[in-house]
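S.K.: heads up, no residue letters with this:
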């Protein structure tokens, strides 16, 4: 058996140890098996045997990782690669805690980049400021030395721009362009105005800048053990050019990318041979920008309930047409009204096409944050899957967090019910929504384990499964990847020590020993390189 055999003291995620697996569980209560050798040839796992039998595999090379944990590669089931990488290109505003600090970071970014083109910034969160104020367009322009500026709020659903960007993009006349009592634009954009300003900002960037940003994000993912990401593109996120720059080179990327186009256009999905559509198809916005659709007003803005971006008829029609074509639909829904719309339209579509065709597509709901008491049961009944972001709870949960300020303490306590989804049997995959939270799977695992509400915490093995096999289930790939067993694709990673014995918070930011994708080394030492003609065979 030519190829590579990898020995590890701890192996997690083998066949039969999965918490989703109906077969007898192997290993200990945490799913660990000790001292195994895993053989890899031609991009696939060909054998899993006791370490003592490794020599009998006849592999070209045997690499003993020693005291390390070998596991399936992480999957980040909801990312925005260009925005993630652009944090290194423009102004990183996440650490800013005041207007002055935002302007200082804009000033530094402008001084550090050549030319007079648009300056991009990302990650500001005014709910963390000493005073929840934002710079004016004039202050932004002065800090940038007269250059046009677009700053994205941490959630991507609100922006802050100079007047030239507002005017040139058409945002100035669009719904969601904030004005002060005198009618002067404040520079803040939400809803349609933000979509226009954000799209304009990214379209003005050279293709080389976007490619470099995507590559930087992919390299970061590989270093942290991520073997696959689900890219959430769309006309209101980064635009078709950005999405196609990624699609056109998918076979040459270091890790696997599953692409979702956030629009109603099934013809485009078919043209690009995508087995999925939507993803970040916005049914509403975000809580931070007061654009998530709620049944009762925001606690800190009583005149606002957010809004739905699509009507029931067009969403139901999308579900019906996609189900008939076998195409998976993903929708972004955060507020209870938006989640209710997703479930209501899903039920209507299932009645139209039949349960078998509808459930077979495993349509997914992104975020599902403000889910009602019976929401998990309804999702399970409809066969819907959930893409969740535990790091959102770490960032904004708790009695003093943004959720409590936006919703009040009672509603905030019902946010992000991960354990409810798991217990009801809803297929659940974990993600970062990077650039919104860090592209760091251990950060997501730790947030799931340490949820602010003890009743919604996941045990470590469950949280690990959500961020590995869970992502494969969301992409309908579980027959191909997600566990360590013969026949599965060799999508593997390893970390020092026994990760099941550690607090995952202590592993945040840690670098993987290696990351392998379909048998090809994406990150790690050359001795683990396996010559292989690797192909993902398309996006799924």
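M.R.: Happy to help now that I have it. Since this is a predicted model, take the numbers as computed values, not measurements.

S.K.: C-terminal to the host helix or strand of residue 69, what's the next element?
M.R.: Taking DSSP states H and E as the definition, residue 69 sits inside strand 68-72. On the C-terminal side of strand 68-72, the nearest following helix or strand under DSSP H and E is strand 74-79.

S.K.: Let me see the mean pLDDT of that following strand.
M.R.: The average pLDDT within strand 74-79 is 98.

S.K.: Show me what that strand is packed against.
M.R.: helix 207-223, strand 226-233, strand 428-430, helix 441-449, helix 469-474 (3 or more CB pairs under 8 Å, 6 or more residues apart in numbering; DSSP states H and E). Yep, even glycine has a C-beta here, placed from its N, CA and C like the rest.

S.K.: I'd like the distance from the following helix or strand past it to the chain centre, please.
M.R.: Counting by DSSP H and E, the element after strand 74-79 in chain order, helix or strand, is helix 81-86. How far helix 81-86 lies from its chain's middle: 12 Å, per CA atoms, centre = their mean, to the nearest Å.

S.K.: what sits up against the strand holding residue 69?
M.R.: Outside strand 68-72, the residues that touch it by CB atoms under 8 Å, 6 or more residues apart in numbering are 6, 8-13, 36, 38, 227, 464, 468-469, 481-484, 491-500, 513.

S.K.: ok, now stretch 410-427?
M.R.: Residues contacting stretch 410-427 (CB under 8 Å, 6+ apart): 299, 362, 368-373, 375-377, 379-380, 384-386, 388-390, 392-393, 397, 401, 403-404, 406-407, 428, 448, 451, 453, 455-458, 462, 466, 470, 473-474.

S.K.: okay, how far is it across that stretch, tip to tip?
M.R.: Using CA to CA, to the nearest Å, the end-to-end distance of stretch 410-427 comes out at 27 Å.

S.K.: for stretch 92-106, same thing?
M.R.: 9 Å.

S.K.: Equivalent analysis for stretch 404-420, please.
M.R.: 20 Å.

S.K.: List the buried residues for it?
M.R.: By neighbour count on 16 or more other CB atoms under 10 Å, the buried set for stretch 404-420 is 404-407, 411-420.

S.K.: and what of stretch 137-150?
M.R.: 137, 139-141, 143-144, 147-150.

S.K.: Also stretch 273-283?
M.R.: 274-283.

S.K.: Kindly report the same for stretch 174-185.
M.R.: 174, 176-177, 185.

S.K.: Relative to residue 33, how far out is the nearest residue to residue 64 once chain neighbours are set aside?
M.R.: The spatially closest residue to residue 64, leaving aside those adjacent along the chain, is residue 7, at 4.3 Å (CB to CB, 6 or more residues apart in numbering). Using CB to CB, to the nearest Å, one obtains 12 Å as the distance from residue 7 to residue 33.

S.K.: list residues touching both of those two?
M.R.: With CB under 8 Å, 6+ apart, residue 7 and residue 33 have no common neighbours.

S.K.: sorry, back to before: next, the angle from the strand holding residue 69 to strand 226-233.
M.R.: Inter-element angle recorded for strand 68-72 and strand 226-233: 40 degrees (by axes from the mean of the first three to the mean of the last three CA atoms, to 10 degrees).

S.K.: Which stretches in the stretch 351-500 of the chain count as helices?
M.R.: Per DSSP state H, counting those that start in this stretch, the stretch 351-500 of the chain carries helices over the ranges 355-360, 375-382, 390-396, 402-407, 409-412, 418-423, 441-449, 460-466, 469-474.

S.K.: Likewise for the stretch 151-300 of the chain?
M.R.: 163-169, 191-203, 207-223, 239-247, 266-271.

S.K.: Please identify the most buried of those helices.
M.R.: helix 191-203 (a mean of 23; mean count of other CB atoms under 10 Å).

S.K.: starting at the chain centroid, how far to that one?
M.R.: Mean C-alpha position of helix 191-203 versus that of the full chain (CA atoms, centre = their mean) differs by 21 Å.

S.K.: next one: stretch 288-303
M.R.: Using CA atoms, centre = their mean, the offset of stretch 288-303 from its chain centre is 24 Å.

S.K.: Return the set of buried residues in it.
M.R.: 288-294, 298-299.

S.K.: From these, pick the one nearest residue 59.
M.R.: Proximity of those to residue 59 (CB to CB) peaks at residue 288, which lies at 51.0 Å.

S.K.: Now the phi/psi pair for the residue nearest to the closest one when sequence neighbours are not counted, please.
M.R.: Take residue 288 and drop its neighbours on the chain: the residue closest to it by CB to CB, 6+ apart is residue 155, 4.7 Å away. Backbone geometry at residue 155, expressed as degrees, to the nearest 10, gives phi -90, psi -10.

S.K.: pretty sure residue 155 is touching residue 289, no?
M.R.: Yes: using CB atoms under 8 Å, residue 155 makes contact with residue 289 at a distance of 6.3 Å.

S.K.: related to what we said a few turns ago, adding pLDDT and distance to residue 103, write the buried residues of stretch 174-185 out as TSV.
M.R.: Converted to TSV, the buried residues of stretch 174-185 look like this (pLDDT from 0 to 100; distance: CB to CB, whole Å):
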residue	pLDDT	distance to residue 103
174	93	26
176	91	24
177	94	21
185	94	18
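
S.K.: Tell me if I'm right that residue 199 and residue 169 touch.
M.R.: Yes: using CB under 8 Å, residue 199 is in contact with residue 169, at 7.2 Å.

S.K.: and the residue nearest to residue 64, how far is that from residue 51?
M.R.: Applying CB to CB to residue 7 and residue 51 gives a distance of 5 Å.

S.K.: circling back: which of the contacts of strand 68-72 are buried?
M.R.: Buried, going by 16+ other CB under 10 Å: 6, 8-13, 36, 38, 227, 464, 468-469, 481-484, 491-500, 513, out of the contacts of strand 68-72.

S.K.: Mark which of those are part of strands, please.
M.R.: The members of the buried ones among the contacts of strand 68-72 that map onto strands under DSSP state E are 6, 8-12, 36, 38, 227, 492-496.

S.K.: just those residues now: which is nearest residue 349?
M.R.: Nearest to residue 349 among these, with distances taken as CB to CB, is residue 227, at 32.3 Å.

S.K.: what's the distance between the closest one and residue 438?
M.R.: For residue 227 relative to residue 438 (CB to CB), the value is 18 Å.
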